[in-house]
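Engineer: Sequence first, then the predicted structure:
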2 protein chains.
Amino acid sequence: MRRQGRTNDPEGMQRRLVEVAFHAFKTRGYNASAVHDLRRDANVTGGAFSHHFPTKKALGLAVLNNRVAAAVEEAWIKPLLSSPTTADGVQTVLAAIIRELREQGSISGCPLNNLALELSGHDADMREAVDVIFKRWQQAVAEKIRADQTIGRLCRLDPETGATFVVAAYSGAMTMAKAAQSTAPLERCADQLATYLAEPAGS
Amino acid sequence: MRRQGRTNDPEGMQRRLVEVAFHAFKTRGYNASAVHDLRRDANVTGGAFSHHFPTKKALGLAVLNNRVAAAVEEAWIKPLLSSPTTADGVQTVLAAIIRELREQGSISGCPLNNLALELSGHDADMREAVDVIFKRWQQAVAEKIRADQTIGRLCRLDPETGATFVVAAYSGAMTMAKAAQSTAPLERCADQLATYLAEPAGS
DNA sequence: CCTCAAACAGGATGTTTGTCCTGTTTGCAG
DNA sequence: CTGCAAACAGGACAAACATCCTGTTTGAGG
């Protein structure tokens, strides 16, 4: 075909594809995103696509394992673990997310949340991948709660239970924020999580 | 065509279609459910379908406004409002849902939650419909919290904020339960919501 | 320079999707 | 009895869809 500008860059191509798919899945959803559109947006031909990802499901798993997991790590786990306390970390994370949503105008929701509902009912491998990320997320929060307990905070709170509760409240609030296209649910949940984490539960 | 067993039953046909679609949307999702399959499962021909619902979106809105809203009303609002306190009602509702999920083996998630993520990003009308149901749900919980306050309970809790928090925690927990195919997240959130609603927040 | 597997191009393929169209039947109004 | 609008039957339709196929190009190893 005599295309002379071509250079082999498998990693870059995969990264570009995963990046485009991540964004499309986050905003439009998995089933609503056509492979054809993803290819066009990422400037990837059909041959190249099916070489790196034999099926759409393979791309979905790659997005989940590489990109979504990294997004959770970056937006939640890192800032949480580097905060003085759980309460502080959760507050910092939520404030940052709310600020970011305000700046970009529209609310597309938490990528993990979006894909979780759509994919965990359709395929066992997908659900497994979603669950792994949720488990990792919870584990990090639980770890932070345990760290708090070594300095005399949240001593009456079971770390796993508290972690599940925090993640659930955030996820649900993000769902409602997306439906309402407003940050109000997130702000309210941030407020309640603050008081919840300030005083030991079940005292 | 000489089909002699036919009888006109527009309301029944719409109900049957909405019922089938509700179940399909809940388990497989909106985009993953083909109109063809819905017609087959509901024993409705193409002509009848497009007579009652000109587009798939019309059916989706009908499912949202009629069936999903009714499901929330039945599973959440009614039992909550007929309970002595908010804490009691939330506990009753969650216990019933957990029991039901255990009996049926698999967890398909909260129908509103599932459709919220998938549809609110795709269409303004759909998002509006989802938001209305969420608002109604929150309003009912807030109303119950206000009722508690008239008898000296939860006096330091803002009703709207508390309602958002309760709904968010439940929704998020259901998402995690679906991903994990386990009722554990729901049980943990029920536990934490119990202590959250037992003592006034921010005291 | 030669080889060869991996990387990529560009379309073909068969299926699925949502919607529409033409005709027939029902049931109520007149 | 008779018009007539609504209710329904059954398939047609093009567009969109995910996947596959054949060929070409790259780049590293020998």
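Structural biologist: Perfect, thanks for sending it. The structure displayed is predicted, hence computed values, not measured ones.
Engineer: so where's chain A uncertain?
Structural biologist: Within chain A, the ranges that satisfy pLDDT under 70 run A:1-5, A:199-203.
Engineer: At the contact with DNA strand C, which residues of it appear?
Structural biologist: A:1, A:3, A:6-10, A:13, A:44-48, A:50-52 (CB under 7 Å from any atom of the strand). The way it works is simple: take the backbone N, C-alpha and C, and place the C-beta from them, glycine included.
Engineer: any chance you could map the strands in chain A?
Structural biologist: Shown for chain A, no strands are assigned by DSSP state E.
Engineer: mind listing what's buried in the longest helix along it?
Structural biologist: If you go by DSSP state H, chain A has its longest helix at helix A:124-149. By 16 or more other CB atoms under 10 Å in any protein chain shown, the buried positions in helix A:124-149 come out as A:126-127, A:129-131, A:133-134, A:137-138, A:140-149.
Engineer: Also stretch A:48-62?
Structural biologist: Result for stretch A:48-62 [16+ other CB under 10 Å]: buried residues A:48, A:49, A:52, A:53, A:56, A:59, A:60, A:61, A:62.
Engineer: go on, stretch A:80-87?
Structural biologist: Here stretch A:80-87 shows A:80, A:83, A:85, A:86, A:87 as buried, counting by 16+ other CB under 10 Å.
Engineer: Make a markdown table out of those and add distance to DNA strand D.
Structural biologist: A markdown table is the format used below for those (distance: CB to the nearest atom of the strand, whole Å):
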| residue | distance to DNA strand D |
| --- | --- |
| A:80 | 35 |
| A:83 | 40 |
| A:85 | 45 |
| A:86 | 41 |
| A:87 | 43 |
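Engineer: quick revisit: ok, the longest helix of chain A near chain B or not?
Structural biologist: Yes - shown here: helix A:124-149 in contact with chain B (CB under 8 Å from any CB of the partner chain) through A:127, A:130, A:131, A:134, A:135.
Engineer: how close does the spatially closest residue to the last one that is not a sequence neighbour sit to residue A:164?
Structural biologist: Read that as residue A:135. Spatial nearest neighbour of residue A:135, excluding adjacent residues (CB to CB, 6 or more residues apart in numbering or on different chains): residue B:180 at 7.8 Å. Residue B:180 is 10 Å from residue A:164, where distance means CB to CB, to the nearest Å.
Engineer: If you count surrounding residues, which of those two has more?
Structural biologist: A count of neighbours by other CB atoms under 10 Å in any protein chain shown puts residue A:164 above the other of residue B:180 and residue A:164, at 30 against 21.
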